[in-house]
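Visitor: Compute the structure for the input listed below.
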Amino acid sequence: MDTEEVVMDNINLSIAQQLYGKLLDGSDKHSNASSLAADRTLESMDRYLKKAGMGREALDPTKQLDEINQGIESVRKAAALTHARKVYEQMLKGFSTGSNTVKFRAPAGATDSVTLMDYELTVAGVGREALSPGIPVADINRSIEEILSNHPRTGEGSILGITAQDWVRARAGVAAGR
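Guide: Residues are numbered from 1 along each chain as shown. Coordinates of the predicted model:
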């Protein structure tokens, strides 16, 4: 291996470690604003590791691979739950004013918002009761059904940075029960 390859491997490893750090500490909101954003960050991180010819164990030499993967999964689940709650809160705010769109960065219909919310809850490994602790799940479901019946319009938007690819992944995950 020549010097240039070693330098490139070190650069790729450094970039992967930076992405890993941002994912864990939340210093870059785009890295873990949702499980979907976290997945994009992980895909980039793994791509840089592959370019460096290394695995995830190289991200933090002080930790075992299982510990690294558990930390990553913990962040994904926390990001998913936080995002699901944000979607739910925004739906309640957006639709309670009589608007037919959620007041995020771009319009989105209730159906797509619920799909996204349910996908994130599935990733987090929790049910709708986690959306608003202390509120009976029957009341949460009733409010969601009311929103869906009053505002069934669909429409993809860049809700909290969600991409078209993320919509496909979320819909497929909900359809598959994951």
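
Visitor: use CA for all of it now, contacts and neighbours both
Guide: Will do.

Visitor: ok, the residue nearest the centre of the chain to R85 distance?
Guide: Using CA atoms, centre = their mean, the residue of the chain that lies closest to the mean C-alpha position is S35, 1.9 Å off. Using CA to CA, to the nearest Å, S35 is found at 13 Å from R85.

Visitor: R47 now?
Guide: Using CA to CA, which is the criterion applied here, R47 is 30 Å from R85.

Visitor: same check, this time on A172
Guide: For A172, the distance to R85 equals 20 Å [CA to CA].

Visitor: Also I15?
Guide: Distance check for I15 against R85: by CA to CA, it reads 31 Å.

Visitor: next SSE after the longest helix seen in the chain?
Guide: As assigned by DSSP state H, the longest helix anywhere in the chain is helix 65-96. Using DSSP states H and E, the helix or strand that directly follows helix 65-96 along the chain is helix 110-124.

Visitor: tell me which residues in the helix or strand just after that next one are buried?
Guide: Past helix 110-124, further along toward the C-terminus, the next helix or strand under DSSP H and E is helix 137-150. Applying a neighbour-count criterion of 16 or more other CA atoms under 10 Å, the buried positions in helix 137-150 are 137, 140, 144-145, 147-148.

Visitor: and what of stretch 11-20?
Guide: Going by 16+ other CA under 10 Å, stretch 11-20 has these buried residues: 11-17, 19-20.

Visitor: pLDDT of it, averaged?
Guide: Confidence over stretch 11-20 (mean pLDDT, whole number) is 95.

Visitor: What lies in contact with that stretch?
Guide: Contacting residues not belonging to stretch 11-20 are listed as 31, 41-42, 44-46, 48-49, 51-52, 54, 58-60 [CA atoms under 8 Å, 6 or more residues apart in numbering].

Visitor: What of stretch 39-52?
Guide: Contact partners of stretch 39-52, identified using CA under 8 Å, 6+ apart, comprise 8-10, 12-13, 15-17, 19-20, 23, 31-32, 55-56, 76.

Visitor: let's see 7 Å
Guide: Residues outside stretch 39-52 that contact it (CA atoms under 7 Å, 6 or more residues apart in numbering) are 9-10, 12-13, 15-16, 19-20, 31, 55.

Visitor: can you check stretch 58-72 too?
Guide: Taking CA under 7 Å, 6+ apart as the rule, stretch 58-72 contacts 17, 56-57.

Visitor: quick one: which of those sit in helices?
Guide: When DSSP H defines the helices, the subset of the contacts of stretch 58-72 inside them is Q17.
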